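Visitor: Sequence below, structure please.
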Amino acid sequence: MENQITMIEDNALSQLSRLEDLWLRDNQLSIVQELTFFGLANLKQLGLENNQISVIEDGAFTELGHLQELLLSSNSITAISADLLSNLAECSVILLNHNQISVIEEDALTGLISLQKLGLDFNQVSVINSNMFSGLEKMERLWLNDNQISVIEKNGFTGLTGLKSLWLHDNKLNTLESTALDGIPRPLQLSLSFPYSVDGTAWECNSLCWLKEEEMAGNITWMHRPQRPAYPVCAGDQTWDDLLCMCFPSVSIHDSLLQMHQNGSHYMVFPVLFTDFC
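Guide: This next block holds a predicted model:
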């Protein structure tokens, strides 16, 4: 730690076969090569936070089959390739927050069958792709806040059958489809707060009546955040607490009048037109 290390030569650590914890944070590493950690088969914790890492070669973690914690926060990583984490089946914690990740390749996460905590906050992720988290049944906490997320594809959260807490605040979402959280069990702790926007755009809360309904049923609870709410901040003068949702099937005036006539009604009563809000 704090040794100003800029590079670790191939096989330099290979004689430390019994090593379980390796902390290399607060250095100036810029690349992790394929053979950097060769021979460290018993390593359980690896700390690489606060370096300048922008390149991690495929195979760099292949030797680390017993790794339990991988800490890569505060680097310059831009992508997670399909093979980068594939051998980390015993890893329960991976923190990749405060990087520049915009690309997560298909199946890049599916081999992480023991993963319980994944930090991807403060990156450049823009889309939650279908089945991105497939196979991560043990995941309990997922940080996706402070990205550029504007799209959550169908089945984006499929596979997260053990998830308990989800952070989604400060992204580029201002609405959520009622199917957006499909695949996640309830109850769920959720943080939405503000969508990220330089012009102060807030949530279109009328489109979130399904979420209000889940909150009232006790299926969704809001995580406490110091000085900021975790529930959606609504656009205009509307507030989340005052949001009133009325769920009625769509009924046309013509159909209503026709039904009244068929029932023999002699009153000219014009029904209110309701649409599906939920």
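
Visitor: alpha carbons only for contacts and neighbour counts from here, please
Guide: OK.

Visitor: Strands along the stretch 101-250 of the chain, start to end?
Guide: Under the criterion DSSP state E, counting those that start in this stretch, the stretch 101-250 of the chain contains strands at 103-104, 117-119, 127-128, 141-143, 151-152, 165-167, 188-191, 220-222.

Visitor: Of the ones you listed, which is nearest residue 213?
Guide: Among these, the nearest to residue 213 by CA to CA is strand 220-222 (9.0 Å).

Visitor: quick one: the closest one to chain centroid distance?
Guide: Relative to the chain's own centre, strand 220-222 is displaced by 16 Å; criterion: CA atoms, centre = their mean, to the nearest Å.

Visitor: Tell me the helices and strands packed up against that strand.
Guide: Applying 3 or more CA pairs under 8 Å, 6 or more residues apart in numbering; DSSP states H and E, we find strand 220-222 packed against strand 188-191, helix 209-216.

Visitor: one step back: okay if I get the strands of the stretch 101-250 of the chain as JSON lines plus distance to residue 42 and mean pLDDT?
Guide: Formatted as JSON lines, the strands of the stretch 101-250 of the chain follow (distance: least, CA to CA, whole Å; pLDDT from 0 to 100):
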{"stretch": "strand 103-104", "distance to residue 42": "27", "mean pLDDT": "97"}
{"stretch": "strand 117-119", "distance to residue 42": "21", "mean pLDDT": "98"}
{"stretch": "strand 127-128", "distance to residue 42": "34", "mean pLDDT": "97"}
{"stretch": "strand 141-143", "distance to residue 42": "26", "mean pLDDT": "98"}
{"stretch": "strand 151-152", "distance to residue 42": "38", "mean pLDDT": "95"}
{"stretch": "strand 165-167", "distance to residue 42": "31", "mean pLDDT": "97"}
{"stretch": "strand 188-191", "distance to residue 42": "35", "mean pLDDT": "96"}
{"stretch": "strand 220-222", "distance to residue 42": "39", "mean pLDDT": "95"}
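
Visitor: Quick check: which of the helices and strands packed on strand 220-222 has the most neighbours on average?
Guide: Most buried of the helices and strands packed on strand 220-222, by mean neighbour count (mean count of other CA atoms under 10 Å): strand 188-191, with a mean of 20.

Visitor: If we ignore the residues flanking it in sequence, what's nearest residue 60?
Guide: Closest residue to residue 60 apart from its sequence neighbours, by CA to CA, 6 or more residues apart in numbering: residue 34 at 4.0 Å.

Visitor: Kindly report the same for residue 238.
Guide: residue 205 (7.9 Å).

Visitor: so how far is residue 79 from residue 124?
Guide: From residue 124 across to residue 79, the span is 10 Å (CA to CA, to the nearest Å).

Visitor: Now for the two: what residues contact both?
Guide: 100, 101, 102 (CA atoms under 8 Å, 6 or more residues apart in numbering).

Visitor: who's in contact with residue 164?
Guide: Contacts of residue 164 by CA under 8 Å, 6+ apart are 140, 141, 185, 186, 187, 188, 189.

Visitor: Of the residues you listed, which is the nearest to residue 162?
Guide: When the contacts of residue 164 are compared against residue 162 (criterion: CA to CA), the nearest one is residue 140, at 5.6 Å.

Visitor: ok, that closest one - how many residues close by?
Guide: 17 (other CA atoms under 10 Å).
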